[in-house]
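*Asks:* please work out how this folds:
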Amino acid sequence: MPLLTANGAAYSARELTPWELDEYTRGGGYDVRFLIRGIGYPASPKCVSHYPGSLDRHRAAGRVVLLRHRVGVDDFAGGWDAGQAHARAALADARIEGYPENLPLIFTCDRRLDEVDRDEIPLSTALSYLDGVADVIGFDRTWCSGYADLVHVAQDIGAAAGFVLRGPETGMRDGIAFHRSDGERIFPGRIEADLLKAYIDLDAFEGEDFLMGLEPWQQERMYDRIMSMSAGVAGESFNGTQFEHHEHRLSVIDHKLDVIGGVLTRLAMRDGGLDLTEEETAMLASRLGSPTTSDLADLADHLSMHLDLGRDTVYRVLEELYQPSTVRVMKPRKPAHAADDMSGQAS
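*Replies:* Have a look, this model is predicted:
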C-alpha cells in the first residue's frame, strides 16, 4: 500500500472560499491541501468556472487544484465519441479559467461497469472513451477516476496517465495517485464534500512549465510571434516544412556569401577597384536577390569580420552588387600605349 501524503476534498454544492477551508482546518478538520473541482460547463454551479476567479484564489492560497469532467454516471458508455466531446468541453473551459496546460484533466466514471440495476458498460467501451479523450488533450493529461474494475485494467494496459480510485481503499496500489472515499464525508463551510487522500507528492503539480510560468500577456506575445513567423511562409504550418524551408534558405545564403567573399577577396588584392566581367556581373545579379538595407548592413558586419577590409568598404561594394541596375562593370584597363594610339587616331 502506498503512503498517504496529503488530504483533499471534492465538492459540488457551491464554491468554497479559501477562508472557509482554512476555518474548517482551524476548527479541527482535515488540513485540506488540494481540491478536485468540476470543469466543462460554466453554466453549471457544480463547475469551478461558474465562479470566475475561484480557481486563481485557491491556487494563490497555496492549494493544488485539479480539474475533473463529469456529466453523469454513464459518461463512459458513450465510448470514443463521448470521450472526444467531453475532452473538448473540459479543455475549452479549463483554458478560459487559466488552468495550466501541464496539469491533468480527470475524467470520471462514477459507477461500476457492471453495476446492478443499470445497463452494463463494456470494458472495451470505457477504454475507448479514454482513447477519445487522449486523442484531444494528449495522453499525458488524460487521467481516469473510477472503481477498481476500470482503474486497475486501465493502469495495467496504460490507457491513462494517472488515476483516482473510488471504492475500498484496499484497492490502492502503486501508481494510483488519489483515493476518493465513497462513505467518508467532511463538511467544510457546512457543505458536504468527499474526502480525498493523496498518495503522490503534491509538488509534482506545483512546477509549471516555461510557458505557464510567463504572464498571460507574455504568452500572448510569444504566440503572436510564432504565428507571424509561420504565416511568413504561405501554406506552411508547424509540420516540419517550415524548418526545411529555413534550412534551404540558409544554404542559399551560404552560397551567396561564398560568391560575395570571393569578389571581395579579389577587391582586397587590387588597387584599381573591382573589375568584373559581364558574365560575373550577370551571375551576381541573378544570385544575390534584392535584400533590404538592414540585410546589407548585417552582411557587411559579418564579412568585414572575416576579410581584411573595412566595414564601410564592404557595405559600398554590397550596395553595388545587390543593385543589378547600378552595378558598375569595370572592364580591364587597356595598356597606356594603346590609349595613346586611340587618341592619335581620334585627332
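
*Asks:* C-alpha coordinates for stretch 163-173, CSV please?
*Replies:* What follows is stretch 163-173, C-alpha atoms only, in CSV (Å, rounded to 0.1, in the frame of the first residue of the first chain):
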residue,chain,number,x,y,z
PHE,A,163,-5.7,7.6,-11.7
VAL,A,164,-8.2,8.3,-8.9
LEU,A,165,-9.6,5.2,-7.3
ARG,A,166,-13.1,5.0,-5.8
GLY,A,167,-14.4,2.2,-3.6
PRO,A,168,-12.5,0.3,-0.9
GLU,A,169,-9.1,1.7,-0.1
THR,A,170,-7.7,-1.8,-0.1
GLY,A,171,-7.7,-1.4,-3.9
MET,A,172,-5.0,1.2,-3.8
ARG,A,173,-1.7,0.2,-5.3
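
*Asks:* buried set for that stretch?
*Replies:* Residues 163, 164, 165, 166, 167, 172 are the ones in stretch 163-173 that count as buried (16 or more other CB atoms under 10 Å). For every residue, glycine as well, the C-beta is placed using N, CA and C.

*Asks:* pLDDT of that stretch, averaged?
*Replies:* For stretch 163-173, the mean pLDDT works out to 93.

*Asks:* what's next to that stretch, contact-wise?
*Replies:* Here stretch 163-173 makes contact (CB atoms under 8 Å, 6 or more residues apart in numbering) with 1-2, 36, 68, 106, 108, 110, 112, 143-148, 151-152, 154-155, 175-182, 196-197, 199.

*Asks:* do stretch 85-105 as well
*Replies:* 39-42, 47-49, 55-56, 66-69, 71, 75, 78, 107, 132-133, 135-137, 140-143, 161-162, 205, 208-209, 211-212, 216.

*Asks:* please flag which of the residues you listed sit within helices.
*Replies:* Residues of those located in helices (DSSP state H): 55, 56, 132, 133, 135, 136, 137, 216.

*Asks:* and the second one, how many neighbours?
*Replies:* Pointing back at residue 56 there. Using other CB atoms under 10 Å, residue 56 is surrounded by 13 other residues.

*Asks:* show the pLDDT at it.
*Replies:* If you check residue 56, the pLDDT there is 92.

*Asks:* okay, and the helix or strand of this protein with the least pLDDT?
*Replies:* Lowest by mean pLDDT, DSSP states H and E among the helices and strands of the chain is helix 336-346, with a mean of 46.

*Asks:* most neighbours out of the ones in helices among the contacts of stretch 85-105, which is it?
*Replies:* residue 133 (30 neighbours).

*Asks:* just give me the neighbour total for residue 181.
*Replies:* When neighbours are counted by other CB under 10 Å, residue 181 registers 17.

*Asks:* which SS class is it?
*Replies:* strand (DSSP: H, G, I helix; E, B strand; the rest coil).

*Asks:* strands of the protein, start to end?
*Replies:* Per DSSP state E, the chain has strands spanning 6-10, 32-38, 64-69, 105-108, 142-146, 162-166, 178-186, 193-198. These are given in chain order.

*Asks:* ranking these by mean pLDDT, which is last?
*Replies:* Looking at these, the bottom one is strand 178-186 with a mean of 88.

*Asks:* from the contacts of stretch 163-173, keep the buried residues only.
*Replies:* 36, 68, 106, 108, 110, 112, 143-148, 151-152, 154-155, 176-181, 196-197, 199.

*Asks:* give me the pLDDT for residue 249.
*Replies:* We have a pLDDT of 67 for residue 249.

*Asks:* sorry, wrong one. I was asking about residue 95.
*Replies:* We have a pLDDT of 94 for residue 95.

*Asks:* check contacts around residue 131.
*Replies:* Residue 131 neighbours (CB under 8 Å, 6+ apart): 80, 83, 159.

*Asks:* against residue 143, how distant is the closest residue to the second one other than its chain neighbours?
*Replies:* The one in question is residue 83. Nearest non-adjacent residue to residue 83, counting by CB to CB, 6 or more residues apart in numbering: residue 132, 2.6 Å away. Using CB to CB, to the nearest Å, residue 132 is found at 14 Å from residue 143.

*Asks:* related to what we said a few turns ago, write the PyMOL selection for whichever of the contacts of stretch 85-105 are buried.
*Replies:* Remark: buried members of these, expressed as a PyMOL selection using 16+ other CB under 10 Å:
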select buried, resi 39+40+41+42+47+48+49+55+66+67+68+69+71+75+78+107+132+133+136+137+141+142+143+161+162+205
